[in-house]
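> My questions concern the predicted model and sequence given below.
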Amino acid sequence: MPKLVISADGPEAWESWRDAFARAAPDVETISWYDPAHSPSEAQYALVWQSDPCDMALMSHMRAILSVSAGVNQLVNRPDFPVGVPLVRMGGEETAALMADYILWATIGLLRDARRWALQQQTHIWARNVASRTTEGARIGILGFGHLGSAVAERLVHAGARVSAWSRSPHEAKDVQLFSGPDELSAFLTQVETLVNLLPSTAETRNLIDKAFLAKLPTGAGLINVGRGEHVVESDLISALDAEHLSGAVLDVFTMEPLPKESRLWSHPRITITPHVAAEASRDAQVAYVGQAIREIEAGQTPPLLYHPDRGY
């Protein structure tokens with residue numbers, strides 16, 4: 001039986017992980033990273049979020065490291081990360097469904113100007129600012145067309161939207177207009193009414209969404225950022241909103257998290273903030289995904305969300 005050592009979410013989360021594996025993946029033996037009766041060297045696999053420097057060396061012998069998040073920069077950007085050990089990003093059907101639901105909710109909120117209603121409720125103002133736009137025919141563009149992007153596109157197409165997507169390399173998809181490569185990025189942006197960012201964090205995507213980038217969107221466009229906080233130059237986003245070039249933004253990720261209390265993003269009347277919760281699956285769903293990934297590795301197969309250093313995701 002494969003053995004998994006768990007440090008994710010700290011020692012206080014150990015019992016919930018243990019109980020979830022007993023329910024959803026009983027064929028995986030689990031031990032706590034924090035239990036002095038055990039050593040990480042006993043395990044062939046590790047489930048982690050962030051790790052202390054001394055922890056990295058204890059994982060160098062493992063068959064794989066599994067992350068509890070889809071983003072893995074907190075691991076791979078460290079000089080002591082054991083580069084020879086395969087790294088698997090979090091995924092699964094529930095994660096994709098949650099992201100698709102979140103994007104549909106955020107899209108409708110931008111279309112109906114729901115942020116204005118929220119501000120009016122806070123100040124007890126009854127003003128019938130009617131927004132009659134619907135998802136039917138709305139032009140939604142997705143930056144990034146991987147596991148999550150394709151699930152989001154499917155949900156939006158079912159809602160009647162006209163969906164396009166841009167990715168680094170070409171893809172194929174039904175009912176989605178696809179763009180790829182740097183030469184097609186501008187053409188993609190100019191026809192988007194609501195832009196959804198689902199890009200991974202790479203050297204090429206950091207600070208990608210800046211003043212020049214936002215200027216290519218049509219006047220009145222909206223932005224939904226569920227990719228990485230470092231993709232967006234926050235001062236440029238605020239300027240585009242203040243100038244009414246953008247009509248609104250929904251942000252789930254930020255350059256610094258938790259978002260500092262002094263950040264201007266909190267109080268901007270055109271910004272809706274959520275605390276990095278767009279697609280956090282239930283404990284059992286995460287465990288089912290991890291268990292399946294371990295089974296695939298044990299069988300000599302490649303898990304679908306294996307990190308590729310050459311791509312940066």
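Nice, I can see it.
> Tell me the bridge partners for residue 31.
Counting by DSSP bridges, residue 31 is bridged to residue 5.
> That one contacts residue 7, doesn't it?
No: using C-beta atoms under 8 Å as the test, residue 31 is too far from residue 7 to be in contact (10.4 Å). No exception for glycine: its C-beta is placed from N, CA and C like everyone else's.
> Between those two, which is the more surrounded one?
Comparing residue 31 with residue 7 by other C-beta atoms under 10 Å, the one with more neighbours is residue 7, at 24 against 18.
> Just the pLDDT for the residue lying closest to the more buried one once chain neighbours are set aside.
Spatial nearest neighbour of residue 7, excluding adjacent residues (C-beta to C-beta, 6 or more residues apart in numbering): residue 33 at 3.7 Å. Residue 33 carries a pLDDT value of 97.
> Please give me every residue in contact with residue 232.
The contact partners of residue 232, taken as C-beta atoms under 8 Å, 6 or more residues apart in numbering, are 197, 207, 209, 223, 225, 251, 255.
> same check, this time on residue 84
Counting by C-beta under 8 Å, 6+ apart, residue 84 makes contact with residue 60.
> What helices and strands are in contact with the biggest helix by length in the chain?
Ranked by residue count and defined by DSSP state H, the top helix of the chain is helix 93-111. Secondary-structure packing of helix 93-111 (3 or more C-beta pairs under 8 Å, 6 or more residues apart in numbering; DSSP states H and E): helix 147-158, strand 194-197, strand 221-225, strand 246-251, helix 283-298.
> What does the pLDDT read for residue 245?
We have a pLDDT of 98 for residue 245.
> Tell me if I'm right that it and residue 219 touch.
Yes: between residue 245 and residue 219 there is a contact at 5.7 Å, judged by C-beta under 8 Å.
> between those two, which one's more packed in?
Applying other C-beta under 10 Å to residue 245 and residue 219 shows that residue 245 carries more neighbours, namely 16 against 11.
> quick one: contacts for the more buried one?
214-215, 217, 219-221.
> again, only this time at 7 Å
Contacts of residue 245 were listed using C-beta atoms under 7 Å, 6 or more residues apart in numbering, and they are 214, 219.
> now swap in residue 193 and tell me
By C-beta under 7 Å, 6+ apart, the residues touching residue 193 are 138-139, 218, 221.
> The longest helix of the chain: what's the following helix or strand?
Remark: after helix 93-111, the chain's next helix or strand is helix 114-122, criterion DSSP states H and E.
> Check the contacts of residue 232 for burial and list the buried ones.
The neighbour count (16 or more other C-beta atoms under 10 Å) marks 197, 209, 223, 225, 251, 255 as buried among these.
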